[in-house]
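Novice: need a structure here:
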Amino acid sequence: MDKKTYLLIENYMLSCMTDSAHDKDHIYRVLYTALDIAKTEEDVDYDVLICACLLHDIGRKEQFENSSLCHAVVGGEKAYRFLAENGFTADFAAHVKSCITTHRFRKSAPPLSIEAKILFDADKLDAAGAMGIARTLIYKGQVTEPLYSLTSDGQVSSGETDKKPSFFHEYHYKLKNIYNSFYTLRGAELANERRMTAENFFREIYKEVSSAYEKGSAYLDEIITE
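Specialist: Presented below is the predicted three-dimensional model:
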């Protein structure tokens, strides 16, 4: 890929990014991590990989405005149209679209090509470890979801059995389960390096807030009289 082509794709990506949890810096981290992973794989089409990494989240705005939409599907369609309109072959555009459409964390549409698997792993790595915690907290704030919820007796729920969204729920529903879903050996290796950081953070934050509620509610009961 020459510089002119890279800048064309990059500039289109930059025009689409409006989400602070999925911003241009997320895109670059995914791209750079994908190139790291690609070094350990064979027969990687770097033009497809770079293009798919740059454009993988261009459907986020549409999903944010309409939660019934899937940003991966929307993004794949937008990428295909953009590439077709700018002279790329139909095969190239279709390959990039497939990578983008399958990069989301779900079992119904797994990545098939090596480029799609690398994008999937690189994107999931940005949801692992300290970075994954930080980005999730930013996103939860964006959509005004709470850090945690309370049980029926007024104590802090760990999130494991919650139905309503919160950061604690997201940790158990998604973040802690990311580490067993990688397709490449390098991706799994990088994920395991980050795993303990995320686990320790959740353990400590849950301990801090649950302790405050347990002790504080008991102290309050001692002070407040009928």
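Novice: so how far is Thr40 from His22?
Specialist: 26 Å (Cβ to Cβ, to the nearest Å). (C-beta placed from N, C-alpha, C; glycine too.)
Novice: now the helices: where do they sit in the protein?
Specialist: Assigned by DSSP state H, the helices in the chain fall at 3-16, 24-38, 46-55, 60-65, 71-85, 90-101, 114-125, 129-142, 167-173, 185-223.
Novice: Give me the number of neighbouring residues for Tyr46.
Specialist: Neighbour count of Tyr46, defined by other Cβ atoms under 10 Å: 12.
Novice: How is this structure partitioned into domains?
Specialist: Using automatic domain parsing, the domain parsing of the chain gives 1-116, 127-226.
Novice: mind listing what Glu145 touches?
Specialist: When contacts are counted by Cβ atoms under 8 Å, 6 or more residues apart in numbering, Glu145 touches 165-167.
Novice: just those residues now: which is nearest Gly129?
Specialist: Set against Gly129, the nearest of those by Cβ to Cβ is Phe167 (15.5 Å).
Novice: wait, that closest one sits on Ala134?
Specialist: No - using Cβ atoms under 8 Å, Phe167 is not in contact with Ala134; the gap is 11.2 Å.
Novice: who's more crowded, those two?
Specialist: Set Phe167 next to Ala134 and count neighbours by other Cβ under 10 Å: Phe167 wins out with 21 against 12.
Novice: Can you give me the separation between the more buried one and Arg194?
Specialist: Distance, Phe167 to Arg194, by Cβ to Cβ: 18 Å.
Novice: Return the list of helices and strands in contact with the lowest-mean-pLDDT helix or strand in the chain.
Specialist: None of the helices or strands of the chain scores lower by mean pLDDT, DSSP states H and E than helix 60-65, at a mean of 84. If contacts are counted by 3 or more Cβ pairs under 8 Å, 6 or more residues apart in numbering; DSSP states H and E, helix 60-65 sits against helix 71-85.
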